[in-house]
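Engineer: sharing a model prediction with you, sequence too.
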Amino acid sequence: MRLIPDQDQRDLAAMCRDVLTAECPTTLARALHTPGGVRVTPGLWKALAEAGVLGLAIEEGLGGSGGGLVDLGVFCVEAGQALCPMVVHSTLNAARAVDWLGSGEARETWLPPLASGSARGTTALWNPRDASVLTPSLRAHEDGGGWRLHGVADFVADADLADLIVVSAEVDGGTLGFVVDVSSPGLSVEPLAMMGGHRAFTVRFDGVLVDDPGRVLGGAGGLGEQELRRVANAAAALLCLDLVGVAEAVLQRTVDYIKMREQFGRPIASFQAAQHLVADMHIALAAARLAAQSAVFWIGRGRTATRETAIAKMRAAAVKKITLDAHQLHGGMGYVLDTDLHLFSERARVLATLGGGADVAAQWLADEMDWEAPR
Amino acid sequence: MDFELDDEQRAWLAEVRRFLEDNVTLALRAEMAEHGLEFQGGELSAFRRKIGERGWFGLNWPPDYGGLGLTVMHQHLLMSEFEYWGVPGPDLTVTSVAPMIMRHGTEQNKKDFLPGIARGEIVCAVGYSEPNAGTDLASLRTRAVRDGDDWVITGSKIWNSGAQRSTHEWLCVRTDPDAPRHRGISVIMVPIDQPGIEIHPLYAWSGYRTNETFFRDVRVPVTNLIGEVNMGWTYITGALDLERGALTNAGDLRRALDDLIALVARPLRDGSVPARDPVFRRRLAQVEADVEVARLMGYEAASMLDCGSIPTVEVSVEKIFTSELRQRIADLAIDLLGPDGLIAHRSPDAPLDGFFERLYRVSPLMRFGGGTNEVLRDVIAQRGHGMPSYGR
């Protein structure tokens, strides 16, 4: 038990921060948030690939650097601070799904391009309203030597940029995963205009053919509920660390601003009411950080860690309030678009919603608790 | 970072649990139910002796001072477990007073007091607050005047908890009335049986006894002054940081919530079972999450102390978080139990002996005790984020 970052983690954080500071300035984030604005970020993508971020948790033999989920967590905090485009997370999620759910062939085929950045990916493996619901929204039936997929996956992130989507589909007697080429005939992608420039899509599968066994995840028994849940939990817990990064950035901006802003002849940071809002932001952030780090640690150790993930999500939801209190302390100067505070607030509201908010997560935790009367 | 206890820490925890299983006897429980911590020379005194025999009062002190040289994490694990079992373990004398003596005391101070503290023979009441010096502690007025080889002390202390069962006062006094208010303060160890000391009980809402203690021309040898004269403010602000860290393990919260969950899974007087209500389950899940976070905060502070840093901001966060959580648990318990939850502590019909009825009355204490949460929020803003002082 030692809850302070070790030197390797601090070094990794500094490296990620350097890359993001250079390649992901707030101007880029602002452009990404604009409807119809910038969608492709080749400089950032290349820099992240070269820095090894995309393959951070993929084994060395498959083009990665052999790190773990905790290392990805270190990146995610920095990503949240820098408002890094979510396609990075989507691609990391796709790689992790293939890595954890796939056979040797699937992993050897798909992990190297995802680790190197030559392919982008996304996932549709859990219910976007409640990530503990793992019932596939798609159905697959056998057709010749392959499978035909039917159905609709909703709120799929970054489907416009993705080369492949990792989906789950119901088959007779179970669930299988599929690594689907987004350009497959029968697959259509329709954008949803969402808060914060979040790019989500309705993806329709109208008899999409998957006939390459290297694209099928899950053996004879199909995919188990627990392994799918672990994949979903990992994505959720990492988003919690992204939210921690959002909160860190917002708190820093807020403190900087109120130390500078003077009213009644003194910095507003000298008023106790302002200090107490900042203290409450700090406390909520400390709680969110510890809870998220714990969840990522235990999932990285091979556990499903639904309990820890639920706690992480419940506490990470408090980042929304941190951003709204930041608006309060900024007054009008945080409300105008020029200062970019809303970019963080929108990211907080979006990420604290996807896969379920605090109430949904509280239900996950309640379901993990023992309600039997002791004898 | 590592969120898992290592083998050695697990073995330690098992050793602590074995000790508690062997020594928290029905007789000890019965004595504590009847007298709280007040009965002297009985089961509780014997229990304290056994802790002392194992060297556990000084377990994280250096061996040179009679300690076992173990880590703060060992101490944290032990204290959390003692809290979970609801029995007193190392108190402020061990966790706050002794480290300050080690850090700032004279060689004579160390020789005079540390061995006795390690054996559990010296127990201090902490004499900081005065009727007119609470949160604004630096305005304290209790005086110590040098007279030959003695300090002569006159004044009074309030919220002087435990004085009736302590051997010494860890007393904050003004030794230079002309110096700026933070610079004229010293700390003196005062044997409680010195002539001129009078202890008057004050009873709190929870039934807890605290005291107002009066000092009239109380003489103590000059060697009892801790460290250097007029340096006391530096010492006690450091002690308060350590005190907060030690006060805020989540062991008692974990226990309270475990007990509450077990309690609401059983029928109440009208036959209803609160745990069957999904809304109540959701509310319990909220505090479950927060109790786990509080545990992590405790581990984090212990990790930092073991790395040699004083986690001033972190223990302030932890103290605010745990004290407000305790109040929410107490409030939620009565919401869940309804009128059954109002049946008074220690009355025969009360669920769990009225623990939660009492906890509701206990819960205000730690929000203002050990530094009010408002001042600690200032600490987070000012020391954590460099925000300006507003003239405290």
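Structural biologist: Received the coordinates, thanks.
Engineer: which residues in the stretch 51-200 of chain B form strands?
Structural biologist: Using DSSP state E, counting those that start in this stretch, the strands found in the stretch 51-200 of chain B span residues B:124-127, B:143-147, B:150-158, B:168-174, B:185-191, B:197-203.
Engineer: could you dump those strands into TSV with mean neighbour count and mean pLDDT added?
Structural biologist: Every residue, glycine included, has its C-beta placed from N, CA and C. What follows is the strands of the stretch 51-200 of chain B, written out as TSV (neighbours: other Cβ atoms under 10 Å in any protein chain shown; pLDDT from 0 to 100):
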stretch	mean neighbour count	mean pLDDT
strand B:124-127	26	95
strand B:143-147	16	97
strand B:150-158	20	97
strand B:168-174	26	97
strand B:185-191	24	97
strand B:197-203	13	97
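Engineer: could you point out which of those strands sits nearest B:Pro221?
Structural biologist: B:Pro221 lies closest to strand B:150-158 among these, at 6.1 Å (Cβ to Cβ).
Engineer: show me what that closest one packs onto, helices and strands only.
Structural biologist: For strand B:150-158, the packing partners by 3 or more Cβ pairs under 8 Å, 6 or more residues apart in numbering or on different chains; DSSP states H and E come out as strand B:143-147, strand B:168-174, strand B:185-191, strand B:209-221.
Engineer: the shortest one relative to strand B:150-158, how many degrees between them?
Structural biologist: Okay, so that is strand B:143-147. Angle, strand B:143-147 to strand B:150-158, by axes from the mean of the first three to the mean of the last three Cα atoms, to 10 degrees: 170 degrees.
Engineer: and strand B:143-147, what does it pack onto?
Structural biologist: Using 3+ Cβ pairs under 8 Å, 6+ apart as the contact test, the elements touching strand B:143-147 are strand B:150-158, strand B:168-174.
Engineer: the residue of the stretch 51-200 of chain A found nearest chain B: what secondary structure?
Structural biologist: Here the stretch 51-200 of chain A gets closest to chain B at one residue, A:Val70, 7.1 Å apart by Cβ to the nearest Cβ. Secondary structure, DSSP: H, G, I helix; E, B strand; the rest coil: A:Val70 is helix.
Engineer: so, low pLDDT: which residues of chain A?
Structural biologist: By pLDDT under 70, chain A has no low-scoring segment.
Engineer: hmm, try it at 90
Structural biologist: A:27, A:29-40, A:145, A:173, A:196-198, A:219-221, A:372-375 (pLDDT under 90).
Engineer: quick one, domains of it?
Structural biologist: The record's domain parsing of chain A by automatic domain parsing lists A:7-120, A:123-217, A:225-368.
Engineer: most tightly surrounded among these?
Structural biologist: Of all the domains of chain A, domain A:225-368 carries the top mean neighbour count, a mean of 22, counting by mean count of other Cβ atoms under 10 Å in any protein chain shown.
Engineer: excluding chain neighbours, what is closest to residue 341?
Structural biologist: Looking at chain A here, since you left the chain open. Spatial nearest neighbour of A:Leu341, chain neighbours left out: A:Gly334 (4.1 Å); criterion: Cβ to Cβ, 6 or more residues apart in numbering or on different chains.
Engineer: I was thinking of chain B, sorry if that wasn't clear
Structural biologist: Closest to B:Gly341 by Cβ to Cβ, 6+ apart is B:Ile334, at 3.9 Å.
Engineer: elements contacting the helix or strand hosting that neighbour?
Structural biologist: For B:Ile334, the host element (DSSP states H and E) is helix B:312-337. With contacts defined as 3+ Cβ pairs under 8 Å, 6+ apart, the packing partners of helix B:312-337 are helix A:272-300, helix B:232-247, helix B:251-264, helix B:278-306, helix B:355-362, helix B:365-368, helix B:373-379.
Engineer: how far off centre is stretch B:348-358?
Structural biologist: Relative to its parent chain, stretch B:348-358 has a centroid offset of 24 Å by Cα atoms, centre = their mean, to the nearest Å.
Engineer: contacting residues around the closest residue to A:Glu227 other than its chain neighbours?
Structural biologist: Setting aside the residues directly before and after it, A:Glu227 is nearest to A:Leu101 in space (Cβ to Cβ, 6+ apart), at 6.1 Å. Shown in contact with A:Leu101 (Cβ atoms under 8 Å, 6 or more residues apart in numbering or on different chains): A:Val166, A:Gly177, A:Leu217, A:Gly218, A:Leu223, A:Glu227, A:Leu228, A:Val231.
Engineer: next step: these restricted to strands.
Structural biologist: The strands, defined by DSSP state E, take in A:Val166, A:Gly177, A:Leu217 from the contacts of A:Leu101.
Engineer: residue numbers of the stretch 51-200 of chain A in contact with chain B?
Structural biologist: A:Val70 (Cβ under 8 Å from any Cβ of the partner chain).
Engineer: thank you kindly, that will do.
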